[in-house]
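# Pasting a predicted model and its sequence here:
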Amino acid sequence: MTSQTKTLASLPNRTQPSQRLAALVHSIIGSRYFLYTLSIAIFLSIWELAAVNKVLGNFLPRPVDVLIQLWSLNTEPLASKTLFEHLWASIYRVLIGWAIGVIFAVPLGIFMGLNPYVRAIVKPVFDLLKPMPPISWISLSILWFGLGEESKVFIIAIGSFVPCILNSYNGIRLIDPALYDAARMLGASRRQEILEVGFFASAPAIFAGLQISLSIAWSCVLAAELVGSRSGMGFIIILGMNQSAPSLIIAGMVVIAITACLISVVMGRLENMICPWKRELPQ
Amino acid sequence: MTANPTAESRLLNFIPYMSVAAFFIGWQLIVSLGLVPKMLLAAPLDVLRLFIDKLTQAHPDGALLYVHVLVSLQEAVLGYFLALAIGIPLGLLMGWFHTVEGFARPIFEMIRPIPAVAWIPLTIFWFGIGLSGKVFIIWLSGIVPCVINSFVGVTLTNPTSIQMARTYGASKWRIFRTICIPSALPMVFGALQMALAACWTTLVAAELIAANTGLGFLITMGRRLTMPDMVVLGMILVGLTGFIIGVIIDAVEKKLLAGIRR
């Protein structure tokens, strides 16, 4: 449709001005960004209408209320922390847990990919533990570590562990054998094969594992904070629930969503910087 | 490389069993020798004993084991199929029709980055702690891979086929129906597995906060009663059930894909 109207609009001036105007209007309405704006506007107005008419009882605040709530979270501390301090508390946990998970998982995955004996020892046990969702470890980790920081870090580490190990293992294992053959033909030693071929060829897959595990870590920290904590974004939304303040919950969710977006953007940028040789694979 | 490759491969086939056995024996020993207090970790034999007990008695969490499994399955399956039923058509339409994409995409992109866990408090307000709330959370987490995969599947349609159909005068709707959908199917089937994993993970989260039956509830109850054997039993059942459903979906996916390729 759009392609046809575009050709119509770019025709030389043989058409009537009124027709050209119609084509112009049509191309604006058909434009993607116009639709995006319209869609968000409609979404917000439906939300506003639903909130004003109390479709969901008192549990849907107006969009304006959420904005006001966001602002007051910034200025008035909640549980002696402002919004950014809560956000930082969550991010701090994520970074520590994720780093621990990555430090153990990536080398283990790489060794599993390189050495058949390590694979034979580790893989069956890993396969036993893999299907358990990380969130199901929450109870055990609270029994082990209590409600403090350690239990949250533990869950995040568990959550980041699985995708990291899988991606490093598959990244090493699925390297095109022709690359190794080529290196070997040029007289590379086993050490050079691993360091100069294996490392670079598997880096995109490993990095993808880091990305996936970071986003899993972000939802793990929320789950852990929902169960019990005194700070963090999960604490904010559970506080909203306990105080029956849906605007507080939605404000928290908005910040969570923005943070998740930022994380994925930053990781995407980093990926382009660290392994620019990555080729987009057709999935 | 090695002088005797058959011996090596026999050893490599044998090691996995050893490793699993060592894992369970080590686990049992750690607990029985008292290296870890019984309050913190249950030995595998205790878990097995509890499993057998729970098959026939509802004490102390109020329901038989199969009830927990069935309740969890019901929630997950409902949420999963709702996610497929809405997510796949939406993704396909978004991939082909500009208008649908223009309207649905911003809203989808707003909702996508919010982890399903973060929806729990709001869902409890809106739906209560019954079945519908959990299905809603599971649906939210399952729909994301469905939409993305179907959308990408359609956009990856070979443009030559589309242009050829256009040359022969096919309508836009007909091209969508006869070319775009079939060519997107492999990616759509890929979403079956991803959505299932997302749904099953979220199930535990949904039951963690508010429930009175279900596997997630079993885990939480085990913690409240300080019964680590119950926690571990719940975790194992979650893992096992998820694994079994995964195998089933995998078989279905292979069958469907084989149907296309023929």
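Nice, I can see it. No experiment lies behind these values; they were computed from the predicted model shown.
# Alongside chain A, which residues does the stretch 51-200 of chain B contribute?
Counting by Cβ under 8 Å from any Cβ of the partner chain, the residues of the stretch 51-200 of chain B lying close to chain A are B:98-99, B:101-107, B:110-111, B:113-122, B:124-126, B:152, B:156, B:172, B:187, B:190, B:200. C-beta: built from backbone N, CA, C; applies to glycine.
# Restrict those residues to the buried ones and give me that as a ChimeraX selection.
In ChimeraX syntax, the buried subset of those is picked out as below (16 or more other Cβ atoms under 10 Å in any protein chain shown):
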select /B:99,101,102,103,104,105,106,113,114,115,116,117,118,119,120,121,122,124,125,126,152,156,187,190,200
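# Residue ranges in the chain under the pLDDT threshold?
Picking chain A for this. Along chain A, segments meeting pLDDT under 70 span A:1-15, A:278-283.
# think we crossed wires, I meant chain B
Where chain B drops to pLDDT under 70, the residues are B:1-5, B:209-210, B:261-262.
# Which residue lies nearest the spatial centre of it?
By Cα atoms, centre = their mean, chain B has its centre lying nearest to residue B:197, at 2.2 Å.
# okay but it is in contact with residue B:243, surely?
No. Using Cβ atoms under 8 Å, residue B:197 makes no contact with residue B:243, being 10.7 Å away.
# so what's residue A:126 closest to, chain neighbours aside?
Distances taken as Cβ to Cβ, 6 or more residues apart in numbering or on different chains put residue A:165 closest to residue A:126, at 6.6 Å, once the chain neighbours are dropped.
# For the one helix or strand that neighbour maps to, list every residue counted as buried.
Taking DSSP states H and E as the definition, one finds residue A:165 inside helix A:149-173. Using 16+ other Cβ under 10 Å as the test for burial, helix A:149-173 gives A:149, A:151-172.
# next structured bit after it?
With elements assigned by DSSP H and E, the helix or strand that comes after helix A:149-173 is helix A:177-185.
# which parts of the stretch 51-200 of chain A sit against chain B?
By Cβ under 8 Å from any Cβ, the residues of the stretch 51-200 of chain A that approach chain B are A:56-57, A:59-60, A:116-117, A:120-125, A:128-140, A:142-144.
# again, only using 7 Å
Neighbours of chain B within the stretch 51-200 of chain A, by Cβ under 7 Å from any Cβ of the partner chain: A:56, A:59, A:116-117, A:120-121, A:123-125, A:128, A:131-133, A:135-136, A:138-140, A:142-144.
# In helices only, show me those residues.
For these, the ones inside helices are A:116-117, A:120-121, A:123-125, A:128, A:138-140, A:142-144, with DSSP state H as the criterion.
# And the buried ones among those residues, selectable in PyMOL?
In PyMOL syntax, the buried subset of those is picked out as below (16+ other Cβ under 10 Å):
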select buried, chain A and resi 120+121+123+124+128+138+139+140+142+143+144
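# What is the burial count for residue A:109?
Using other Cβ atoms under 10 Å in any protein chain shown, residue A:109 has 29 neighbouring residues.
# Actually, residue B:30.
As a burial measure, residue B:30 scores 13 neighbours (other Cβ under 10 Å).
# can you count the residues close to the residue nearest to it when sequence neighbours are not counted?
Among residues not flanking residue B:30 along the chain, residue B:36 sits closest, at 5.4 Å (Cβ to Cβ, 6+ apart). Using other Cβ under 10 Å, residue B:36 has 16 neighbouring residues.
# Helix, strand, or coil at residue B:36?
Assigned with DSSP: H, G, I helix; E, B strand; the rest coil, residue B:36 falls in the coil class.
# Most proximal residue of the stretch 51-200 of chain B with respect to chain A?
Nearest residue of the stretch 51-200 of chain B to chain A (Cβ to the nearest Cβ) works out as residue B:102 at 2.4 Å.
# And chain A, what are its domain boundaries?
Following automatic domain parsing, one gets these domains for chain A: A:2-58, A:70-278.
# Residue B:99 and residue A:34: what is the separation?
Residue B:99 sits at a distance of 11 Å from residue A:34 (criterion: Cβ to Cβ, to the nearest Å).
# ranges for the strands of the stretch 1-150 of chain A?
In order along the chain, the stretch 1-150 of chain A carries no strands (DSSP state E, counting those that start in this stretch).
# and the residue of it nearest chain B?
Nearest residue of the stretch 1-150 of chain A to chain B, counting by Cβ to the nearest Cβ: residue A:35, 2.4 Å away.
# show me the contacts for that residue.
B:99, B:102-103 (Cβ atoms under 7 Å, 6 or more residues apart in numbering or on different chains).
# so is the residue nearest to residue A:171 when sequence neighbours are not counted in a helix, a strand, or just coil?
Leaving out its chain neighbours, the residue that sits closest to residue A:171 by Cβ to Cβ, 6+ apart is residue A:205, at 2.9 Å. Of the three states, residue A:205 takes helix according to three-state DSSP.
# mind checking how far the longest helix along chain B is from the chain centre?
With secondary structure taken from DSSP H, chain B has its longest helix at helix B:228-261. The chain centre lies 8 Å from the centre of helix B:228-261; the measure is Cα atoms, centre = their mean, to the nearest Å.
# does any bit of it sit next to chain A?
Yes. Counting by Cβ under 7 Å from any Cβ, chain A has neighbours in helix B:228-261: B:228, B:231, B:235, B:238-239, B:242-243.
# check contacts around residue B:83.
Residue B:83 makes contact with B:139, B:142-143, B:146, B:195, B:199 under the criterion Cβ under 7 Å, 6+ apart.
# Sticking with it, tell me its helix or strand.
Going by DSSP H and E, residue B:83 is part of helix B:65-96.
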